[in-house]
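A.B. asks: sequence first, predicted model second:
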Amino acid sequence: MAFRLLTTSSKLRRGLAVALLASLALAGCNRDKELEYKEQSIYEIYSQAVRYLDQGRHSEAAKYFDEVERQHPYSVWATTAKLMSAYSLYHANDYEEAVTRLDRFIQVHPGNRDIAYAYYLKGLTYYEQIADVRRDQDKTRKALQALEDVVTRFPTTPYGRDARLKIDLVKDHLAAKEMDIGRFYLNQRFFLAAINRFRVVIDTYGTTSHVPEALHRLTEAYTALGLLDEARKTAAVLGFNYPASVWYRDSFILAQVSDRQLADSRERGSVAAIPPAAVPKSAGTPDDVARDTERLSVPPQPPGAPALPSGVTGPTGAPPSPPKPPAGTPQ
């Protein structure tokens, strides 16, 4: 019995020691994340944050901008420091924390002079996280919503004009995702599921570059199901809106094939659905989506953008220069 008690006591001491070491390690981590409190003037803290930002030490800059608010919460600089902290975190690729800071800034300071920039930077934060078209597009949808907020709230600002360009590219990316899924369903002969995906491209993303192919793929799916009238109507829409498209040429060939198949089936006294083997391969980017995957493996970049104010970058996806600090800030 005594031996058992000693063994239990020894295990308890070892457990306490492990718990103590874990708590010390956690405390060390917290000290790394937060600056040790040292009373400084607001000029000293803000100047150090700006120096770190200029040196590309964005995580350290964010900590010092946070320190401005912690030590001088009622200063006119504290509000700007909140936005500058989010800007620093964006450059440090800490996107989740940057969005959290921006949401807080927007909620607490809706009438701030830099509120348009806060909305725009939030949109860029999601925009930078747009993933390959073969992956989940949740961040892409959030980027679209955030950029549309900028256009709705601040349409005449430089941020609104640049957001419009990015919205077109985000929609093109989402349309490419729907096309990728639709092609998969088409290849697996799940024609109704494929039709639903192609309809989304046409109805929701009707201004994107994927609409001609979506119309052609609809023609393929309708033909495979034996819905020849619907196939002809879809091909006619494609020919009317995109007469020079390679997809219309494919649809025209497909219509001829379906007509022959229909004539043969009528001669046999029955009308049968056109088998998938009768559907020709498309001339453009056929069922192989490797080209789409390669093209969309990085966030979309606009081909050009209108001139923005000095220090503001648009086409590269980088954010405009951060808002100017209040007058009297040491440089």
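C.D. replies: Sure, I can see it.
A.B. asks: quick check: the gap between the closest residue to Ile42 other than its chain neighbours and Tyr64.
C.D. replies: In space, and not counting its chain neighbours, Ile42 is closest to His72: 4.7 Å by CB to CB, 6 or more residues apart in numbering. Backbone N, C-alpha and C define where each C-beta goes, glycine included. According to CB to CB, to the nearest Å, His72 and Tyr64 sit 12 Å apart.
A.B. asks: next, the contact list for the residue nearest to Ile42, please.
C.D. replies: 42, 45, 78 (CB atoms under 8 Å, 6 or more residues apart in numbering).
A.B. asks: pLDDT on stretch 254-264, on average?
C.D. replies: Throughout stretch 254-264, pLDDT has a mean value of 64.
A.B. asks: just to revisit the earlier point, please enumerate the shared neighbours of His72 and Tyr64.
C.D. replies: Joint contacts of His72 and Tyr64 (CB under 8 Å, 6+ apart) are Ile45.
A.B. asks: let me see the ranges of the helices in the stretch 151-300 of the chain.
C.D. replies: 158-187, 191-204, 211-225, 228-241, 246-267, 290-295 (DSSP state H, counting those that start in this stretch).
A.B. asks: which other helices and strands does the third one contact?
C.D. replies: Spelled out, that is helix 211-225. In this structure, helix 211-225 makes packing contacts with helix 158-187, helix 191-204, helix 228-241, helix 246-267, judged by 3 or more CB pairs under 8 Å, 6 or more residues apart in numbering; DSSP states H and E.
A.B. asks: mind exporting the C-alpha coordinates of that helix to CSV?
C.D. replies: The C-alpha trace of helix 211-225 is given here as CSV (Å, rounded to 0.1, in the frame of the first residue of the first chain):
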residue,chain,number,x,y,z
VAL,A,211,-21.1,32.5,-71.3
PRO,A,212,-20.5,31.3,-74.9
GLU,A,213,-19.1,27.9,-73.7
ALA,A,214,-21.9,27.6,-71.2
LEU,A,215,-24.5,28.0,-74.0
HIS,A,216,-22.7,25.4,-76.1
ARG,A,217,-22.5,23.0,-73.1
LEU,A,218,-26.2,23.5,-72.6
THR,A,219,-26.7,22.6,-76.3
GLU,A,220,-24.7,19.4,-75.7
ALA,A,221,-26.6,18.4,-72.6
TYR,A,222,-30.0,19.1,-74.2
THR,A,223,-29.0,17.1,-77.3
ALA,A,224,-27.8,14.2,-75.1
LEU,A,225,-31.2,14.2,-73.4
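A.B. asks: how about it: buried residues?
C.D. replies: Neighbour-count burial for helix 211-225, with 16 or more other CB atoms under 10 Å as criterion, is recorded at 211-224.
A.B. asks: hang on, the earlier thing: ranking the helices of the stretch 151-300 of the chain by mean pLDDT, which is last?
C.D. replies: Minimum mean pLDDT among these: helix 290-295, a mean of 43.
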